[in-house]
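A.B. asks: Generate a structure from the sequence data that follows.
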Amino acid sequence: MPRLQPVDPSTATGKDKELLDAVKGKLGIVPNRTRVMAASPAVLEAYLGSSLGSSLGSSLGSSGALAGGLLDAKTREELALLTAHHNRCNYCLSAHSAVGKMVGLKHDEIVASRKGQGASPKATAALALAKRVLDTKGGVSEADVAAARSAGLSEGEIAEIIAHVALNVFANYFNVATDVDIDFPKVFHTEVA
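C.D. replies: Modelled structure (predicted):
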């Protein structure tokens, strides 16, 4: 049972209704996380306008700030999976496992992403940097950034990796703190194989 009451899209009014209708229009459904975030239209709007919306790719259909960025949908999903696993966010693991499949990740790639292994060498480098951002709470070293550059990541891609991690942490913390009911096929952080 979520700690905050989900907003019922059928009775929502004002900004909540506008935002929830937009989500439903693009997805055909309104995920539980979105309904709980609607307790504050400002939180929901921040989420939908951030990379989180784009990180969920076609699942939210958001035109989030990073949706048109340099990182492809598979890499964004791999980053979301790694971050969710690190933060033990079962909602995000479930959602991003489903979305990962939608953007072309195979089951073994989804599992590998959670462990920091990408679908390509460049994605693995992105995940390595993301893991360092998570492990150091943003205090990465020059060597960490140099390793990312050496692996072929551009300045813009490095900036986006950091942004995706930070924004996914927002979603993870929100979901864990509010105990959002999972409405995707369930995946748990304790299940890695």
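
A.B. asks: so who does the residue lying closest to Cys92 once chain neighbours are set aside touch?
C.D. replies: Sequence neighbours aside, Ala84 is the residue nearest to Cys92 in space, at 3.5 Å (criterion: C-beta to C-beta, 6 or more residues apart in numbering). Quick note: C-beta positions are derived from backbone N, CA and C, even for glycine. Ala84 sits next to Asn90, Cys92, Leu93, His96, Arg114, Asn168, Asn172, His189 when contact means C-beta atoms under 8 Å, 6 or more residues apart in numbering.

A.B. asks: any chance of these in a markdown table, with pLDDT and distance to Asp144 too?
C.D. replies: As requested, these are exported to a markdown table (pLDDT from 0 to 100; distance: C-beta to C-beta, whole Å):
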| residue | pLDDT | distance to Asp144 |
| --- | --- | --- |
| Asn90 | 97 | 28 |
| Cys92 | 96 | 24 |
| Leu93 | 97 | 25 |
| His96 | 94 | 24 |
| Arg114 | 97 | 20 |
| Asn168 | 93 | 18 |
| Asn172 | 96 | 21 |
| His189 | 87 | 24 |
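
A.B. asks: From those, pick the one nearest Glu45.
C.D. replies: Within the contacts of Ala84, the smallest distance to Glu45 is 17.6 Å, found for Asn168 (C-beta to C-beta).
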